[in-house]
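> After the sequence you'll find the predicted model.
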Amino acid sequence: MTSRARRGLEAFLKRKTAVPSEDLSTLTLPDGRQLTLRIRRHPTARRMTLRLAPDGSEARVSIPRWAPFGEARLFAASRTSWIAAQLGNMPERETIGSGSALSFRGRELVITWRADLPRRPAIVGDMLQLGGPFENVAGRVQRWLEGEAIALMRADLAFYCEAAGIAAPEIRLSRAQRRWGSCSSRGTIRVNWRLVMAPDHVRRSVVAHEVAHLVHFDHSPAFHAFLGEIYEHDIGVADRWLKRHGRSLHAPFG
């Protein structure tokens, strides 16, 4: 076999060899706690990035396709103090049951359960009342929140699309853990359902942001100027609220 043919065969075999895209291991934190470390190769990554899962269940490292997993483990191990500090700032798990408090559109509601009440939650004063099986209260409350979220966001979308002079596209709820909203190149808008727990002006700012992307699919000065035209409040105030309180909206239900 000629050297040229051998090089061609080696290149072919190299392309055919499966390269693991993910690695799982354990990270030891300064206080001795063990945390799952998930390392993933990302096709467009140019450097290593470390994040903590929104629920604190694991540390995640994204690496370029060519980077070795061992190097990523060392990278994460060198930042365990940062990880521990971030875990200390994680929101506590939301206990959804009779007597617990729930945020809805920026106001606090006290969940009140009685077996003789209707299964569907209903706001009565400062209470969210519901009946049905007690063990399913958390699930019914979340489904109610999601139903309220899509109704409110559809109304928000219609309002801002009218202000923008464009037809309202489809809107869907998102369960993304790091993005509040998104707008695809096909025009579909997704907004995180947990924003129904935030004040109205915060939720509406995210919908307005995505509507502005229907006109300017970037973050150029023209985009920000257009967003300022269609959004009726101070966008900076809404952004600061999300930066300060947004993590609390991701508290797990249970």
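Arrived safely, thanks for sending.
> What segments of this protein are helices?
With DSSP state H as the criterion, the chain has helices at 3-16, 69-77, 80-88, 137-164, 200-215, 221-230, 235-245.
> Just give me how far the last one sits from the chain centre.
Think helix 235-245. On the basis of Cα atoms, centre = their mean, to the nearest Å, helix 235-245 sits 16 Å off its chain's mean C-alpha point.
> For that helix, buried residues please.
235, 238, 241-242, 245 (16 or more other Cβ atoms under 10 Å). C-beta here means a position set from N, CA and C on the backbone, and glycine is covered the same way.
> Report the mean confidence score over it.
Averaging pLDDT along helix 235-245 yields 94.
> packing partners for it?
helix 200-215 (3 or more Cβ pairs under 8 Å, 6 or more residues apart in numbering; DSSP states H and E).
> How about I111: which residues does it bridge to?
Here I111 sits in beta bridges with L128, as judged by DSSP bridges.
> Assess the claim that it and F104 are in contact.
No: I111 is beyond contact range of F104, at 10.4 Å (criterion: Cβ atoms under 8 Å).
> Give me the common contacts of those two.
L128 (Cβ atoms under 8 Å, 6 or more residues apart in numbering).
> returning to what we had before: which among the buried residues of helix 235-245 gets closest to A155?
A238 (17.3 Å; Cβ to Cβ).
> Could you check how far the most centrally placed residue in the chain is from S184?
Residue closest to the mean C-alpha point of the chain, counted by Cα atoms, centre = their mean, is Q177 at 2.1 Å. In this structure, Q177 and S184 are 18 Å apart, going by Cβ to Cβ, to the nearest Å.
> Over to S81?
For S81, the distance to S184 - Cβ to Cβ - is 38 Å.
> the more surrounded of those two?
S184 (13 against 10; other Cβ atoms under 10 Å).
> With respect to burial, which of the helices of the chain scores highest?
helix 200-215 (a mean of 23; mean count of other Cβ atoms under 10 Å).
> any residues touching it, and which ones?
By Cβ under 8 Å, 6+ apart, the list of residues contacting helix 200-215 from outside reads 105-106, 152-153, 156-157, 160-161, 164, 166, 169, 171, 180-183, 187, 189-192, 195-196, 223, 226-227, 230-231, 233, 235, 237-239, 241-242.
> picking that back up, out of the buried residues of helix 235-245, flag the one nearest to R120.
H245 (28.3 Å).
> how about low-confidence regions in the stretch 151-254 of the chain?
Scanning the stretch 151-254 of the chain for pLDDT under 70 picks out 252-254.
> So which bits of stretch 166-173 are buried?
Buried residues in stretch 166-173, defined by neighbour count with 16+ other Cβ under 10 Å: 168-169, 171, 173.
> Show me which of the residues you listed is closest to A59.
Proximity of those to A59 (Cβ to Cβ) peaks at L173, which lies at 27.6 Å.
> Could you tell me which residues make contact with the closest one?
Here L173 is in contact with 146, 149-150, 153, 190-193 (Cβ under 8 Å, 6+ apart).
> burial of W180, as a residue count?
22.
> correct me, but it touches K243?
No: with contacts counted by Cβ under 8 Å, W180 stays clear of K243, the gap being 11.0 Å.
> what's the overlap in contacts for these two?
Jointly contacting W180 and K243 under the rule Cβ under 8 Å, 6+ apart is no residue at all.
> Turn the buried residues of helix 235-245 into TSV, columns for distance to N89.
What follows is the buried residues of helix 235-245, written out as TSV (distance: Cβ to Cβ, whole Å):
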residue	distance to N89
I235	25
A238	22
W241	17
L242	16
H245	12
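> and which of these is nearest P68?
Nearest to P68 among those is L242, at 36.7 Å by Cβ to Cβ.
> W180 is in contact with that closest one, correct?
Yes: L242 lies in contact with W180 (Cβ under 8 Å); the separation is 6.7 Å.
> Grab the nearest non-local neighbour of A77.
Nearest non-adjacent residue to A77, counting by Cβ to Cβ, 6 or more residues apart in numbering: L27, 6.6 Å away.
> Check what pLDDT that neighbour gets.
Value listed for L27 in the pLDDT field: 91.
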